[in-house]
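Undergrad: Sharing a model that was predicted from the sequence below.
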Amino acid sequence: MKTEFAILGVHVKVSTDCPKLGHRLHDITVTADDGFPVSAALAIEALKRDGEYTVLEGGEKIVTSPHSEWVTLYLHELINFRVAWHLKGFIKIHAASGAFRGKRFLLVGDKGAGKTTLITRLLFEGAAIYGDETVLLQEGDVMPFPRKFHLKEGTLPLLPQLAPICDKLTSYPAYYGGRFFFFDPTDAGFAWQITKGKVDTLFYLEPVHGEQSEIERCPDWLMVQKLLLQSSDFANNPEAQIGELCHLVDRSDNFIIHLGELDSAVMLIKDVLA
């Protein structure tokens, strides 16, 4: 059994001789339409022998495990790492991304700030949603990195639309505790199309759980400072890349959202982007 897909110009093929693992490969298959011509290939095998899965790349053994669940998670991370290596000329910003009424926006913030919950809720509010984790910055424009969303089980009470969808998905253990689902817009019947372009609005999320959500404008210098803390893959001499971050901020409207109650946060974002 095998699964094949492409991520930003990298053709990915994962093969296995185990039907149980083959079924799980669907969970990590990326179906986003990004329009990149294929220029590189990644071939991985996950073979089962005597109760152990062995992951091989180019015929070389990388890791073994008896657990199909763990191997699926490892393959997901390995694929994303290898694809990211082919894109090492880009600055990577820890941000969810989407567009509403023709305006492209980023939700930036620390892990656990609420990016996935908020961006997924916006999917059901008419926004086009690209990703929940990473965007690539180059020459002033951003390209969303089409990774499967990591939708925490604890998010489901906040997004009741997802309950019947997640009933059909498989949960996985999260590194931070609890469990999560691999999810993308096509699971909910929406398009998942990735395009490169100018960012119109930056929202930096600061969680205030249990309180009313509020929004305020963010000075450019402060947004640059915050983006620097959420960015990686700078060159040895990063002056030009820091200049790119400054250019990104200079061209966008910049806000801090104190993210508490979800409904009010959605209304604030929609009002800004209207």
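TA: Alright, I've got the coordinates.
Undergrad: Check Asn237 and give its pLDDT.
TA: pLDDT recorded at Asn237 is 69.
Undergrad: All the strands of the stretch 51-200 of the chain, residue numbers only.
TA: 52-57, 60-65, 91-100, 103-108, 128-131, 134-138, 141-144, 149-152, 171-173, 179-183 (DSSP state E, counting those that start in this stretch).
Undergrad: Tell me which of those strands sits nearest to Leu248.
TA: Shortest distance between Leu248 and these, using Cβ to Cβ, is found for strand 134-138: 6.3 Å. From N, CA and C alone the C-beta is placed, and that goes for glycine too.
Undergrad: what angle sits between the closest one and strand 91-100?
TA: Angle between the axes of strand 134-138 and strand 91-100 is 110 degrees (criterion: axes from the mean of the first three to the mean of the last three Cα atoms, to 10 degrees).
Undergrad: what does strand 134-138 contact?
TA: By Cβ atoms under 8 Å, 6 or more residues apart in numbering, the residues outside strand 134-138 that reach it are 87, 89-95, 97, 106, 142-145, 147, 231, 244-245, 248.
Undergrad: Partner strands of it, with direction?
TA: If you go by DSSP bridges, strand 134-138 pairs up with strand 91-100 (antiparallel), strand 141-144 (antiparallel).
Undergrad: and the angle from it to strand 103-108?
TA: Going by the same axes, to 10 degrees, strand 134-138 makes 120 degrees with strand 103-108.
Undergrad: Can I get strand 134-138 as PDB, trimmed to CA atoms?
TA: Listed next in PDB are the C-alpha coordinates belonging to strand 134-138 (Å, rounded to 0.1, in the frame of the first residue of the first chain):
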ATOM      1  CA  THR A 134       3.500  28.000   9.500                       C
ATOM      2  CA  VAL A 135       3.900  30.500   6.700                       C
ATOM      3  CA  LEU A 136       7.000  31.100   4.600                       C
ATOM      4  CA  LEU A 137       8.200  34.600   4.000                       C
ATOM      5  CA  GLN A 138      10.200  35.700   1.000                       C
END
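Undergrad: In CSV: the strands paired with strand 134-138, plus mean pLDDT, mean neighbour count and distance to Thr54.
TA: Conversion of the strands paired with strand 134-138 to CSV gives the following (pLDDT from 0 to 100; neighbours: other Cβ atoms under 10 Å; distance: least, Cβ to Cβ, whole Å):
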stretch, mean pLDDT, mean neighbour count, distance to Thr54
strand 91-100, 95, 23, 30
strand 141-144, 92, 23, 33
